[in-house]
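**Student:** Let me see the structure of the following:
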Amino acid sequence: MNKVMAIAAAAGMMFAASTASAQAVKVTNVAFTPGSVTGSVHSSLLNGDVGVGQFEFKGNYVSNNAPFDILTYCIDLAHSVSLGNVNYTNYTIIPISSYAGMTTAKSNALNALLTNTTQLLGAATGQNAINISAATQMAVWEIMFETQSAWSVTNSSSAFYMTTPGGSSQANLTALTSAESLANTYLSNVKNNVWTVNNGYDLKVLYSPTNQSQVFVTPSVPEPATWGMLVIGFGLVGGALRTRRRSGVIAAA
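**Tutor:** Presented below is the predicted three-dimensional model:
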């Protein structure tokens, strides 16, 4: 699960990302990782049965064909995405602040949620991991689409909520119920500031105007001015080490 919080690209690519407002990508494969549960979504944008869990998007950057592999959560109920091998050519990676309808409050809540549940997911296995990923996805939807001040993915009088699909198996019912309970716990942690913003990580959006847009977490990249100071700092440290080595050789002669 080391890749959960990072784009699988070179450090140079990450530096380029800090200076560009958008990066065009081609998506070639979409899957649920580590798996999903089935739930019924109720909202103004979608009412129906859906797979609920963390996505894995694979593909290539258009600029240099370098591969990417990111783990994401859906923030777009107005569109859909297919699983398996795909050929999506209209996705771009953008800062979350550039996503339509995004507010600072929502962005901060998503940061607090995802930076904490990512750690939980990284330590989990099997059905527990699937339940955590499903809970995180439901909590993301609640943050994005709820219009009431109170957050709950099971409150049927709210703008967004989840229910069990008709004909659901006992295994899916058990998993969905567990995930719903976890989602409400996660939302309470965010709402009550038990989980807070982690400034060491940024949120990006894998955006498409016609397919489902996704949010993901990536380590913060220093701005160019900060990189310059870091380079100077590294140079000073390197110079000190070289001087120390020379002094050591002379002392040993």
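**Student:** Helix, strand, or coil at D202?
**Tutor:** strand (DSSP: H, G, I helix; E, B strand; the rest coil).
**Student:** ditto for G59
**Tutor:** strand.
**Student:** quick one: low-confidence parts of the stretch 101-250 of the chain?
**Tutor:** Counting by pLDDT under 70, the stretch 101-250 of the chain has low-confidence residues at 222-250.
**Student:** how about the helices in it?
**Tutor:** 104-122, 126-145, 170-191, 224-252 (DSSP state H, counting those that start in this stretch).
**Student:** What are the contacting residues of stretch 184-200?
**Tutor:** Residues from elsewhere that reach stretch 184-200 (C-beta atoms under 8 Å, 6 or more residues apart in numbering): 108-109, 111-113, 115-117, 135-136, 139, 142-143, 151-154, 219-220. Heads up, the C-betas are built off the backbone N, CA and C, glycines and all.
**Student:** List the buried residues for that stretch?
**Tutor:** 184, 186-187, 189-190, 195, 198 (16 or more other C-beta atoms under 10 Å).
**Student:** same thing with stretch 170-185?
**Tutor:** Using 16+ other C-beta under 10 Å as the test for burial, stretch 170-185 gives 172, 175-176, 178-180, 182-184.
**Student:** so what's S168 up against?
**Tutor:** Contacts for S168 (C-beta under 8 Å, 6+ apart) come out as 38, 176.
**Student:** could you redo the last one with a cut-off of 10 Å?
**Tutor:** S168 makes contacts with 37-40, 49, 174-176, as judged by C-beta atoms under 10 Å, 6 or more residues apart in numbering.
**Student:** same check, this time on V30
**Tutor:** Applying C-beta under 10 Å, 6+ apart, the residues near V30 are 55-59, 72, 81-86, 88, 211-212, 214.
**Student:** redo that, cut-off 7 Å
**Tutor:** With contact set as C-beta atoms under 7 Å, 6 or more residues apart in numbering, V30 has these partners: 55, 57, 81-83, 86.
**Student:** what's the answer for T164, then?
**Tutor:** T164 sits in contact with 40, 173, 176, where contact means C-beta under 7 Å, 6+ apart.
**Student:** What are the buried residues along the lengthiest strand in the chain?
**Tutor:** Of all the segments of type strand in the chain, defined by DSSP state E, the longest one is strand 84-95. Buried residues in strand 84-95, counted by 16+ other C-beta under 10 Å: 86, 88, 91-95.
**Student:** ok, of these, which one's closest to A24?
**Tutor:** Distance to A24, by C-beta to C-beta, is smallest for T92 among those, at 5.2 Å.
**Student:** And that closest one, what's its pLDDT?
**Tutor:** At T92, the model reports a pLDDT of 98.
**Student:** is it true that it touches K26?
**Tutor:** No - judged on C-beta atoms under 7 Å, T92 makes no contact with K26 at a distance of 10.6 Å.
**Student:** Just the buried subset of the contacts of stretch 184-200, please.
**Tutor:** Applying 16+ other C-beta under 10 Å to the contacts of stretch 184-200 flags 109, 111-113, 115-117, 135-136, 139, 142-143, 151-153 as buried.
**Student:** For I94, see how far away the most centrally placed residue in the chain is.
**Tutor:** By C-alpha atoms, centre = their mean, the chain has its centre lying nearest to F216, at 2.2 Å. Counting by C-beta to C-beta, to the nearest Å, the gap from F216 to I94 is 11 Å.
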